[in-house]
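Student: predicted model and sequence below, questions to follow.
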Amino acid sequence: MDKDDLRERIWTRLEDEGVARFPFPPHDRIPNFTGASEAAERLADLPEWRNADVVKANPDAPQLPVRRRALREGKVVYMAQPRLRDEKPFMKLDPAEIADTDAAATVSKMDGYADPVAPDEMPHVDFVVSGSVAVTEDGARAGKGEGYSDLEYAVLRELDAVDDSTTVVTTVHELQVVDGDVRVEAHDVPMDCVVTPKRAVRTETEFVRPSGIRWDDLPDEKVVEIPILRRLRA
């Protein structure tokens, strides 16, 4: 299944069926959806979530309830800056140091509460939350097409901040769970669990996680643009 065609089909379907939520349009982004809060509640029932102390979460709107829940439960949350633009591209939110965790979990207010850190300053991450446009029940995921979620994982894996014990999960609407084969590249990170407002699917994925940065897959211009990649390649 071609990922570009799949994305367009899902974005359009979410909009046409009235499932998409602000921000609009859902196209060209990780789409927000009706029931995102319910999906976050279901996610919080997973034993891996309950046992997690450190969570790395994407900054998109549908996962805002997940980030808020994590902070309320005392979990330290890391979010990546857009396009890993700075030398310290991960933003650390420590609920022990934050009075207003609801505000701190939002992208617009995050900078006022978070401390920027380099990936080699991060502890081991117990739980990764990824945003998705579409996902299959066997763990294949399609993001919005820029590859930064997979690259963030690869950087952390390169520095041993994530490993095979780290649980990787996505929250989506049921309409985003698709049948059929979705092409999985060597740099793609498969999902261990897919959570919707109605259910949690253990993927039992057979896809292999990347063991680090796949330098041959990265164009030179991307390496030049991203400080942490320049440093790691050097």
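Tutor: Thanks, I have the structure now. Computed from a predicted model, the values in this text were never measured in an experiment. Residues are numbered from 1 along each chain as shown.
Student: which secondary structure elements does the longest helix along the chain contact?
Tutor: Ranked by residue count, the top helix of the chain under DSSP state H comes out as helix 3-16. In terms of contacts (3 or more Cβ pairs under 8 Å, 6 or more residues apart in numbering; DSSP states H and E), helix 3-16 is packed against strand 134-136, strand 141-142. (C-beta placed from N, C-alpha, C; glycine too.)
Student: switch the ones you listed over to TSV; also include mean pLDDT and mean neighbour count.
Tutor: Shown next, in TSV, are these (pLDDT from 0 to 100; neighbours: other Cβ atoms under 10 Å):
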stretch	mean pLDDT	mean neighbour count
strand 134-136	98	25
strand 141-142	97	26
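Student: turn these into CSV, columns for distance to Thr196.
Tutor: Output for the helices and strands packed on helix 3-16, formatted as CSV (distance: least, Cβ to Cβ, whole Å):
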stretch, distance to Thr196
strand 134-136, 10
strand 141-142, 14
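Student: for Val125, find the nearest of those strands.
Tutor: Among these, the nearest to Val125 by Cβ to Cβ is strand 141-142 (17.7 Å).
Student: now the closest one, how far from the chain's geometric center?
Tutor: Computed by Cα atoms, centre = their mean, to the nearest Å, the chain-centroid distance of strand 141-142 equals 11 Å.
Student: now what about it, what contacts it?
Tutor: Strand 141-142 is touched from outside by 3, 6-7, 130, 132-135, 170, 182, 188-191, with contacts defined as Cβ atoms under 8 Å, 6 or more residues apart in numbering.
Student: and if you look at stretch 29-36?
Tutor: 10-11, 14, 18-23, 26, 58, 60-65, 131-133, 143-144, 171-173, 175-176, 196-197.
Student: ok, back up a step: how far out from the middle of the chain is the longest helix of the chain?
Tutor: 19 Å.
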